[in-house]
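1. Show me the folded form of this:
(one chain, ligands or ions: 1)
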Amino acid sequence: MITELAEKLFIDGAWKAGEGARIAVENPATGEVLAHIAAATPAEVDLAVAAARKAFKSWSRVAPIERSKALHRLGDTISGEANVLARIMTLEQGKPLNEAGGEILKLAEACHFYAEEAVRIHGEIVPNSTTDIDSLVMREPIGVVGAITPWNYPAELIGWKLCGALAAGCTIVIKPAELTPFTALAIASMVTRANIPAGVVNVVTGSGSKVGQALVEHPGVDKIAFTGSSAVGLHIQQSCPTVKRLSLELGGNCPLIVTSSADLDAAVKGAVRRSFRNMGQICIAINRIYVARLIADVFVARLGEAADKLVIGNGIENPDADVGAMASVEPLNKTKDHLADALAKGAKLIAGGSAPEGDVFARGYFFRPTVVAGCTHEMKVMTEETFGPLVGVMAFDGLDEAVELANDTPFGLAAYVYAKDMDEIRYLSSRLDYGNVAVNNVDAGIMNAPYGGRKQSGVGYEHGREGMLEYLNFKHVRIRYDEPKGR
Ligand code: TAP
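-> Purely as a prediction, here's the structure:
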């Protein structure tokens with residue numbers, strides 16, 4: 001399927017051979033070039049925005065029940081093709097095939113969730129100071145959405161925007177990451193098969209600095225929905241030349257606190273999963289762990305053993321592997337840099353620390369899940385987002401210290417706690433300055449609860465009803481009535 005999608009853009013319901021420069025897309029597990037994409041030219045971005053504007057006129061007037069049915073059809077089409085879509089994702093992103101399949105099914109879940117929400121866009125009637133007036137608060141779709149997405153979750157991070165926008169009655173132009181464009185183009189082919197009208201969904205490929213920026217600056221785009229790094233998010237906020245609605249889902253540097261009351265087995269299992277899944281390339285990955293001094297040595301030893309046991313593989317050849325290749329050389333180099341920095345400043349290597357050995361790993365971007373202990377806040381691993389398979393551990397002496405360390409960051413996306421003592425759970429969850437706090441589990445985001453960051457981790461929410469509100473404007477209609485004549 002990748003060959004069919006190569007060098008194409010999806011504009012106004014049709015596949016267009018892109019006219020811009022070609023960009024190679026690599027398989028990060030082997031270093032082979034899979035195919036090329038076409039960088040959309042400014043004229044092609046204009047075409048996509050014009051198609052979305054034209055489609056908005058009719059899509060915003062489509063009855064909610066019909067938008068709901070369209071999203072259900074899209075969800076069914078996507079889950080029916082889950083294997084094909086997952087293979088594309090693994091080839092371009094590196095995660096194991098089964099994990100990619102799970103992500104595709106979550107994309108389908110987002111379609112069905114927002115299909116249900118489309119028919120629940122309720123307004124309000126607000127009391128006035130006199131009884132001859134009704135104040136109606138209505139919700140109307142914002143307009144054309146420019147969606148700019150990263151490479152770590154190439155399907156889900158498009159899905160949250162696409163589904164929320166379409167349910168609300170908006171149309172969308174998607175600019176996926178350069179590293180993972182084919183998943184986005186494959187989703188566009190599902191949009192066609194689900195009979196979603198032309199122009200409602202458009203996909204333009206190319207670099208963020210050119211194609212993404214063109215959407216940010218485009219006067220025909222009413223809202224930018226962005227997921228990516230805090231640096232690019234801030235740049236987008238500062239470079240909008242006109243007032244636009246923005247939602248920015250940005251970086252993290254997420255802490256886990258393990259108290260002395262914690263179930264140690266569960267804490268180790270959770271820490272391994274959320275530090276290393278998707279090779280740590282998750283905005284809500286656990287980057288740093290604070291563990292009660294009383295149990296620190298045993299926790300660190302067991303975390304190291306568990307990390308060493310994770311199976312690394314080429315995600316196509318070994319679909320059940322725990323972790324696959326990293327998506328590109330940049331996150332790999334950043335991981336090595338954070339590791340070298342920690343070791344130079346006195347951290348102790350507990351597990352990993354190098355690339356796995358063997359021919360299968362020779363040309364891809366692989367690295368062993370790595371644990372360092374005895375960390376301090378002088379180290380990058382404890383203060384910057386690594387976005388790789390590296391976690392730092394530090395002991396704490398009291399809950400206040402743990403909270404202070406966990407909150408000592410400009411980020412505020414997700415924090416994790418393992419504790420059994422209810423007083424500790426209450427104390428910690430109320431004091432952690434994060435948009436998401438997961439206690440005794442590591443799944444900080446679920447489809448029907450709002451998901452968003454604080455501070456430099458972003459503004460706005462995805463998931464839940466709140467995720468759809470990001471695509472709606474309020475309109476206050478204030479009507480004064482007279483008594484009917486001849487009453
Ligand atoms: P970025 O480098 O920020 O890229 C994200 C997207 O923005 C890509 O499509 C990129 O295009 C585009 N872009 C780059 N410069 C742009 C510009 N000047 N104008 C408009 N668009 C531009 O992030 P990444 O490296 O792909 O992803 C990793 C980051 O995403 C991490 O910080 C991670 O924490 C964050 N993230 C956050 C979340 C949530 S929900 N908060 C979820 C996942 C990831 P190119 O690909 O062509 O550069």
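
2. Need the residues that contact stretch 9-23.
-> Stretch 9-23 is contacted by residues 7-8, 36-41, 43-44, 47-48, 51, 54-55, 178, 185, 188-189, 191-192, 197-199, 201-207 when judged by CB atoms under 8 Å, 6 or more residues apart in numbering. Every C-beta, even on glycine, is put in place using the N, C-alpha and C of the backbone.

3. ok, now stretch 202-214?
-> Contacts for stretch 202-214 (CB under 8 Å, 6+ apart): 9-12, 18, 20, 23, 37-40, 42, 44-45, 48, 51-52, 148, 171-178, 181, 184-185, 187-188, 215, 228, 232, 239.

4. Next, see if it gets close to the ligand.
-> Yes. Judged by CB under 6 Å from any ligand atom, stretch 202-214 comes into contact with the ligand at 207-209, 212-213.

5. among these, which are in helices?
-> Gln213 (DSSP state H).

6. Ignoring the adjacent residues along the chain, who's closest to Tyr434?
-> Nearest non-adjacent residue to Tyr434, counting by CB to CB, 6 or more residues apart in numbering: Ala415, 4.2 Å away.

7. Can you pull the residues of the stretch 1-150 of the chain lying near the ligand?
-> Residues of the stretch 1-150 of the chain lying near the ligand (CB under 6 Å from any ligand atom): 148-150.

8. How about the stretch 351-487 of the chain?
-> So the stretch 351-487 of the chain meets the ligand at 385, 387, 413, 453, 458 (CB under 6 Å from any ligand atom).

9. So which of those sit within strands?
-> Gly458 (DSSP state E).

10. Neighbour-wise, give me the winner out of the residues of the stretch 351-487 of the chain next to the ligand.
-> Leu413 (29 neighbours; other CB atoms under 10 Å).

11. Hmm, it is touching Gly251, no?
-> Yes. Shown here, Leu413 and Gly251 form a contact pair, counting by CB atoms under 8 Å, at 7.3 Å.

12. List just the nearest of the residues of the stretch 1-150 of the chain next to the ligand to the ligand.
-> The ligand lies nearest to Pro150 out of these, by CB to the nearest ligand atom, at 3.1 Å.

13. so what's that closest one closest to, chain neighbours aside?
-> That would be Gly228: by CB to CB, 6+ apart, it lies 4.6 Å from Pro150.

14. Report how many residues lie close to that neighbour.
-> 24.

15. list the contacts for it?
-> So Gly228 contacts 148-150, 208, 249-250 (CB under 8 Å, 6+ apart).

16. Just the buried ones from the contacts of stretch 9-23, in ChimeraX syntax?
-> Applying 16 or more other CB atoms under 10 Å to these, the buried members can be selected in ChimeraX as follows:
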select :7,8,36,37,38,39,40,41,44,47,48,51,55,178,185,188,189,191,199,201,202,203,204,205,206,207
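
17. Quick check: the residue of the stretch 101-250 of the chain nearest the ligand.
-> Counting by CB to the nearest ligand atom, the stretch 101-250 of the chain gets nearest the ligand through Gly208, at 2.0 Å.
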